[in-house]
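>>> need a 3D model of the sequence below.
(one chain, ligands or ions: 3)
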Amino acid sequence: MDLKNLRIDGKRLRSTLEEMARIGATPGGGVQRLTLTDEDKQARDLFVRWLKELDLKVTIDEMGNIFGRRPGRSSDLAPVMSGSHIDSQPKGGRFDGILGVMGALEVLRTLHDHGIETERPIDIVDWTNEEGSRFAPAMVSSGVWAGALERDWAYDRTDIEGKRFEDELIRIGYKGDAPAKKWPVHAYYEYHIEQGPILEREGKTIGAPKGIVCLHWYDVYLEGEANQVGPTPMEGRHDALCATAEMILKVEELPARMGGNMVATVGEIQNYPNSRNIIPDKVHFTVDIRSWDDELALDAWDKLRGDLETIARRRGCPIRIEETWRVQHSPFDEKLVQRVLDNAEALGYPSLHMVSGAGHDASYMNQVAPTAMIFVPSIGGRSHVEVEKTSWEDCEAGANVLLHCILQSANEGGRP
Ligand code: HGY
Ligand code: MN
Ligand code: MN
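Residues are numbered from 1 along each chain as shown. Ligands and ions are numbered 1, 2, ... in the order given. Predicted coordinates for the structure are as follows:
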């Protein structure tokens, strides 16, 4: 058949997404599939079953990354890889991550249905803990696989209940034997929702990010002095939560102070003892700074860190800061990005060259292989929320672009 006319099965893609959305479904119409929870295990088991139905060679590595390999005519050539993540945010959406895993699965099912052979092998992947919500940082398992993060450091990361990453990986039965160690990859494509408003606003179906911004994560711990709220006068208090409130506003005003091209957010906070009639004496909060300009982000942190320490001193609330995680901005492979745009055009989908403000496993894959992403619009620009939604037509369009990108890369560099 003329491969140009090949298309994925949009109905089948929809039904896999709907089946996955039933795992960890929340009353508000989203999903809660936090990494290494029973819901994550359930979705993983279903994914592995689907891989085996395609006779793929399934490998689970020591970080719980799940790979499925489809052989090519030349098994010695570096594979083309595509995938994303199955885990979600606490009250996450039904498309973030899972669309990239199900999209790649749909591509392999389409090739299988038509008996299409490729020169190169094709690997599909589910990366463990892309979100970094339960266990910080994000993208930790693609980071270990790419050699950017240490496995044992990742193993010792704990969640808010003190459970260790490795112990939870063992508990759900996904601590594999294969080393989480990169192998040569000819091209990596990650298909994902945009998670922002631009494609919808511009009326485009396909986004081709030129890359992903840098992500810098910090953890701040403050000590105060607890006391009964009634008899304790206002002056002389060491209220850790009021100190935090002042600091949070410093984070919010940072991007404007640095001249833009940046976002800075405090997304998580724990306040102790968190009783309405006790002055708080312990607070932990997180800082997330992102920019296309790594140096600007580092300079911003230097300034902010100075502010936090000044506030802590003035309020008599000792501060401890962890510089938890940094991944540099990732400019993707220009040839592959152009391939995404060319395939979108050939398929008749309006497209846009853009930047990804969201982090993805492609940030680490970009360090070890030519990498590109394919975006489709997020309705209302919403994501990491239960109302996250992408139209089924756009899901199908993105998967068709993914199909042809994978096919073209998988038939490159074969024997003459
Ligand atoms: O943080 C991010 O952008 C991604 O969801 N891990
Ligand atoms: Mn994601
Ligand atoms: Mn996400």
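>>> and residue 384, what does it touch?
Residues in contact with residue 384, defined by C-beta atoms under 8 Å, 6 or more residues apart in numbering, are 89, 92, 93, 96, 195. From N, CA and C alone the C-beta is placed, and that goes for glycine too.
>>> which ones are touching the second one?
This points to residue 92. With contact taken as C-beta under 8 Å, 6+ apart, residue 92 is in contact with 30, 31, 32, 33, 131, 384, 385, 386, 388.
>>> doesn't residue 355 fall inside a strand?
Yes. Secondary structure of residue 355, determined by DSSP: H, G, I helix; E, B strand; the rest coil: located in a strand.
>>> give the contact list for it.
Counted by C-beta under 8 Å, 6+ apart, residue 355 has contacts 209, 210, 211, 212, 213, 292.
>>> how about residue 315, nearest residue that isn't a chain neighbour?
Taking C-beta to C-beta, 6 or more residues apart in numbering, and ignoring the residues beside it in sequence, residue 315 has residue 243 as its nearest neighbour in space, at 4.5 Å.
>>> give me the buried stretch members for the helix or strand hosting that neighbour, please.
When elements are defined using DSSP states H and E, residue 243 is found to belong to helix 240-257. When burial is assessed from 16 or more other C-beta atoms under 10 Å, helix 240-257 yields the following buried residues: 240, 241, 242, 243, 244, 247, 250, 251, 254, 255.
>>> picking that back up, which single one of the contacts of residue 384 is nearest to ligand 2?
In terms of C-beta to the ion, no member of these lies closer to ligand 2 than residue 96, at 4.4 Å.
>>> in a strand, that closest one, correct?
No. The assignment for residue 96 is coil, going by three-state DSSP, so no strand is present there.
>>> OK, contacts around the residue of the stretch 301-416 of the chain found nearest ligand 2?
Per C-beta to the ion, residue 360 is where the stretch 301-416 of the chain lies closest to ligand 2, at 5.8 Å. Applying C-beta under 8 Å, 6+ apart, one finds that residue 360 lies in contact with 84, 130, 139, 190, 192, 212, 373.
>>> go on, residue 106?
By C-beta under 8 Å, 6+ apart, the contact list for residue 106 reads 8, 9, 12, 13, 16, 399, 403.
>>> who in this structure is up against ligand 2?
96, 97 (C-beta under 5 Å from the ion).
>>> tell me the domain ranges of the chain?
What automatic domain parsing lists as the domains of the chain is 3-213+329-410, 214-327.
>>> the first one near ligand 1 anywhere?
Yes. Using C-beta under 6 Å from any ligand atom, domain 3-213+329-410 reaches ligand 1 at 130, 131, 132, 138, 358, 359.
>>> hmm, which two among those are most spread apart?
Distance extremes for these: the farthest pair is 132 and 358 at 11.8 Å, using C-beta to C-beta.
>>> okay, buried residues for the helix of greatest length in the chain please.
Taking DSSP state H as the criterion, the chain has its longest helix at helix 294-314. Residues of helix 294-314 classed as buried by neighbour count (16+ other C-beta under 10 Å): 296, 297, 300, 301, 304, 305, 307, 308, 311, 312.
>>> out of those residues, who's nearest ligand 1?
For ligand 1, the nearest member of the buried residues of helix 294-314 is residue 297. The distance, counting by C-beta to the nearest ligand atom, is 14.2 Å.
>>> name the nearest residue to that closest one, ignoring sequence neighbours.
Once its chain neighbours are removed from consideration, residue 297 has its nearest residue in residue 291; the separation is 4.3 Å (C-beta to C-beta, 6+ apart).
>>> pLDDT wise, what is the residue of the chain most remote from its centre at?
Of all residues in the chain, residue 231 sits farthest from the chain's C-alpha centroid, using C-alpha atoms, centre = their mean; the distance is 47.8 Å. Per-residue confidence (pLDDT) for residue 231: 98.
>>> distance of it relative to residue 360?
52 Å (C-beta to C-beta, to the nearest Å).
>>> can you map out the strands along the stretch 51-200 of the chain?
With DSSP state E, counting those that start in this stretch applied, the stretch 51-200 of the chain shows strands at 57-60, 66-70, 80-84, 122-126, 187-193, listed in chain order.
>>> buried stuff in the fourth one?
In this case it means strand 122-126. By neighbour count with 16+ other C-beta under 10 Å, strand 122-126 contains the buried residues 122, 123, 124, 125, 126.
>>> who's in contact with whatever residue of the stretch 51-200 of the chain ends up closest to ligand 1?
Across the stretch 51-200 of the chain, no residue is closer to ligand 1 than residue 138, which sits at 3.6 Å (C-beta to the nearest ligand atom). By C-beta under 8 Å, 6+ apart, residue 138 lies in contact with 129, 130, 131, 132, 215, 217, 325, 359.
>>> got a winner among those residues for most neighbours?
When the contacts of residue 138 are compared by neighbour count (other C-beta atoms under 10 Å), residue 129 ends up highest, at 31 neighbours.
>>> now it: phi and psi?
Note on residue 129: backbone dihedrals following degrees, to the nearest 10 are phi 50, psi 60.
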